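> Give me the fold of what follows.
(2 chains, ligands or ions: 3)
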Amino acid sequence: MAARHLVIGAGTAGLNCIRTIREEDGGASEIVLVAAERPYSRMVLPYYLDRSIAESHVFTATAATLAAWKVKTHIGRKAASLNPQANALTLDDGTTLEYDDCLIATGSRAVKAPVPGADSPGVHSFWTLEQARAVIAGIAPGSHVVMVGAGFIAFTILNSILSLGARLTIVEIAPRILPRMVDDKGAALVDAWLKKHGVKILTGVTLVKIDDARGKKRLRLKKGGDLLADLVVMATGIKPNLEWLQGSGIRINHGILVDDHLRSSVPNLYAAGDVAEGKDGVTGAPVVHAIEPTAMEHGRVVGANMAGRDVAYRGSLNMNIVEVCGLDVASFGAWDRPEAEAFTALRSDRSAYRKLCWTGDRLTGAVIIGRAADVWTTNDVGMLKGLVQTGGRLGAWKEHLRRNPFDVKPAFIASRTTARLLPDTTLGRPSRAPEFPTTVTR
Amino acid sequence: MKVLKIVPEKCTGCLRCELACSYMQTGAFQPAKSVIRVSPYEGHTSYAPYTCTQCAEGWCMTACPVGAITITPAGAKDVVDDRCVGCKLCTIACPYGTIFYDHDTRKAFKCDLCGGAPACAEACPTAAIVYEETTTADWLADFAVERSARLLASGAR
Ligand SMILES: Cc1cc2nc3c(=O)[nH]c(=O)nc-3n(C[C@H](O)[C@H](O)[C@H](O)COP(=O)(O)OP(=O)(O)OC[C@H]3O[C@@H](n4cnc5c(N)ncnc54)[C@H](O)[C@@H]3O)c2cc1C
Ligand code: SF4
Ligand code: SF4
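Ligands and ions are numbered 1, 2, ... in the order given. Below is the predicted model of the structure:
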């Protein structure tokens, strides 16, 4: 009997898993998909917000695609409880589904700061398509938008809000912006850049409550100084969707603990993406990255393993990039270990900043900030990723990079990084192009 | 598959490949938009062109959240402009640094092997870039190791 695969969640990890199963088995197995929402990519919602793409562009699979992939779907339904002993999942409408193996890929959700008024109308999260629609409906040219939180997700929608002609104020409780993406020096540069571009940033302020005043939202701040907003976006953090697994007996720390095959403590249950706590390829430690590339790779590795391959995962690389008002901000790997040796360089005239972090003569993390118009005149960003990913010993090139942190290319090439990278594939075979439905019949 | 084989010893640094590439890719001669890039070695006494290897993993392609990177009949990973939203994820995913972001079009761009007739190889007068049936390799490392020995020694102090 063909295997019965159950995939819970139709985000990045779930869809990559399904596509990979079909790449491997051409349609031989049974796949059942349970997902609270239609398949779409959250991370392109900022481009829907600024109207540079139509809503239809965010979807990663249509009903027709799923049918071509021979996937049975329960879309709009939520997983409610899992019984690993019986290999059975119960949905929120009481339906029970049995499986031979199962992927848990329910992602995360946005969490609002716990202040009175956070759930009142006009105070939004920006994480799901539905939430994006509400924010779009609420912003007009000239609106004053207050964003609570100055983390990565807040920054991914910053350009979009400004391009809609809104005024933007950012309120952050921490003493600085982008705490988990760049170091203090980098944050100071970005802060100055944004202020120069008309964004108001208030750091180190505590929001006490939100109420209504004169038809607007009023944000009361601890040190005084109320803010009046037409719309409030709370980008105050995310939380993995794991509550429904209570009582299942699966080992959970920050996320579901998985081995190098992305298996949980129950061997026929896999976890991937924002809900999975898997190996970080740089530090070797278990971690929840909650980023797109990790969800994608997790999903592909699970798909291959579900299809009967034996694929061990090298571990994921923490990486982010965001552009704000023409300034690119990127970081890779372990850029924030205080004990690590680090070279930094600032070119204030060009608003460019570099931080290179080392373990011995291996590059293990990097921060790159520069004007978007400048950054892509070099190949540095990708090459730094390659150096961190391969973790090769750089020998005398380390000294070269200490003196010339902006001269990455000769170090990359002469340290034979290309030769190290060429044989590296995630699934032990060349990747296929994503337009898969046409090749599914075999 | 035919690949771009680079023979750095033959490169004179004339930059015709960059001109030809940018003209083919954008319709204008603007080396800043070339996806093959020539770097100097040994204080501009030697040069080497560098571009996408069309690697087996296709990190750029697998990273794209909207499937905007595909494989052409020539075997090149290529950005489908209508699909690309300009999120730059591919540019940090490619560990070779060979996919770029165009600030003017707000799209990613990379080597697409010009549909199977690469303009750079045609433009190169010394055959430092040849398009041939072979396995792709690390074409530049030996050359770079040799040409950078002095640079490294001078810095060692
Ligand atoms: C605005 C925004 C911008 C972002 N930008 C970036 C970026 O630039 N770079 C980056 O790396 N990452 C970015 N991210 C994060 C990235 O989108 C996530 O890390 C990624 O989507 C995680 O994939 P996933 O498959 O784990 O979860 P998701 O894509 O969140 O998918 C989860 C799926 O599970 C479903 N689900 C949830 N609960 C249940 C349940 N109980 N039963 C059934 N189904 C359920 C959901 O409906 C959904 O289909 C961004 C996110 C947002 C919101
Ligand atoms: S751009 Fe980079 S990741 Fe994409 S095919 Fe070329 S070398 Fe591979
Ligand atoms: S920039 Fe374009 S091609 Fe690159 S990952 Fe984003 S959408 Fe895909």
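
> got the residue ranges for the helices in the chain?
If you meant another chain, say so; for now it's chain A. Taking DSSP state H as the criterion, chain A contains helices spanning A:12-25, A:45-49, A:63-68, A:129-138, A:152-156, A:158-163, A:184-196, A:292-306, A:372-375, A:380-390, A:397-403, A:409-414, A:417-421.

> Let me rephrase: I mean chain B.
Secondary structure of chain B (DSSP H): helices located at B:16-26, B:59-63, B:89-93, B:119-123, B:141-156.

> Counting by contacts, list what the first one packs against.
I take that to be helix B:16-26. Applying 3 or more Cβ pairs under 8 Å, 6 or more residues apart in numbering or on different chains; DSSP states H and E, one finds that helix B:16-26 contacts strand B:37-41, helix B:119-123. To be clear about C-beta, it is placed using only N, CA and C from the backbone, and glycine gets the same treatment.

> Not counting its neighbours along the chain, what's nearest residue 113?
I went with chain A, as the question did not name one. residue A:236 (4.4 Å; Cβ to Cβ, 6 or more residues apart in numbering or on different chains).

> not what I meant, chain B
Spatial nearest neighbour of residue B:113, excluding adjacent residues (Cβ to Cβ, 6+ apart): residue B:76 at 4.0 Å.

> how near is the one you found to residue A:11?
From residue B:76 over to residue A:11 the distance is 29 Å, taken as Cβ to Cβ, to the nearest Å.

> the more surrounded of those two?
residue A:11 (26 against 22; other Cβ atoms under 10 Å in any protein chain shown).

> Who are the contact partners of the more buried one?
A:35, A:39, A:40, A:41, A:42, A:105, A:107, A:273, A:274, A:295 (Cβ atoms under 8 Å, 6 or more residues apart in numbering or on different chains).

> and residue 117, how many residues sit next to it?
Unless you meant another one, I'm taking chain A. Residues contacting residue A:117 under the criterion other Cβ under 10 Å number 19.

> The intended chain is chain B.
12.

> which residues sit in contact with the residue nearest to it when sequence neighbours are not counted?
What sits nearest to residue B:117 in space, not counting adjacent residues and going by Cβ to Cβ, 6+ apart, is residue B:131, at 7.8 Å. Taking Cβ under 8 Å, 6+ apart, we find residue B:131 in contact with B:2, B:3, B:4, B:5, B:113, B:117, B:118, B:121.

> now residue A:53
Counting by Cβ under 8 Å, 6+ apart, residue A:53 makes contact with A:44, A:47, B:85.

> and the closest residue in space to residue A:406 that isn't next to it in sequence, how many neighbours does it have?
Sequence neighbours aside, residue A:354 is the residue nearest to residue A:406 in space, at 6.3 Å (criterion: Cβ to Cβ, 6+ apart). Applying other Cβ under 10 Å, we find 21 residues neighbouring residue A:354.

> Residue B:85 now?
23.

> Stretch A:415-430: which residues count as buried?
Across stretch A:415-430, burial judged by 16 or more other Cβ atoms under 10 Å in any protein chain shown covers A:415, A:416, A:417, A:418, A:419, A:420, A:421, A:422, A:424, A:425, A:426, A:427.

> pretty sure the third one is touching residue A:385, no?
To tie it back to what came earlier, the one meant is residue A:417. No: using Cβ atoms under 8 Å, residue A:417 is not in contact with residue A:385; the gap is 10.4 Å.

> on that earlier part again, measure the residue nearest to residue A:406 to residue A:190 for me?
Counting by Cβ to Cβ, the separation of residue A:354 from residue A:190 is 14 Å.

> any common contacting residues for residue A:417 and residue A:385?
With Cβ under 8 Å, 6+ apart as the test, residue A:417 and residue A:385 both reach residue B:95.

> Quick one: closest of the helices of chain A to ligand 2.
Of all the helices of chain A, it is helix A:380-390 that lies closest to ligand 2, at 6.9 Å by Cβ to the nearest ligand atom.

> and the closest one, what's its mean pLDDT?
The predicted model assigns helix A:380-390 a mean pLDDT of 95.

> That one near chain B anywhere?
Yes: with Cβ under 8 Å from any Cβ of the partner chain as the criterion, chain B is reached by helix A:380-390 at A:380, A:381, A:382, A:383, A:384, A:385, A:386, A:389, A:390.

> quick check, that helix touching ligand 1?
No: Helix A:380-390 lies apart from ligand 1 when judged by Cβ under 6 Å from any ligand atom; the minimum separation is 12.9 Å.

> Packing partners of that helix?
If contacts are counted by 3+ Cβ pairs under 8 Å, 6+ apart, helix A:380-390 sits against strand A:327-333, strand A:362-371, helix A:409-414, helix A:417-421, helix B:89-93.

> any chance you could map the strands in the stretch 101-250 of chain A?
Secondary structure of the stretch 101-250 of chain A (DSSP state E, counting those that start in this stretch): strands located at A:101-104, A:108-110, A:123-124, A:144-148, A:167-172, A:200-203, A:207-213, A:216-221, A:227-229, A:231-234, A:238-240.

> burial count for residue A:12?
Using other Cβ under 10 Å, residue A:12 has 29 neighbouring residues.

> And it, how close does it get to residue A:368?
The span separating residue A:12 from residue A:368 equals 24 Å under the rule Cβ to Cβ.
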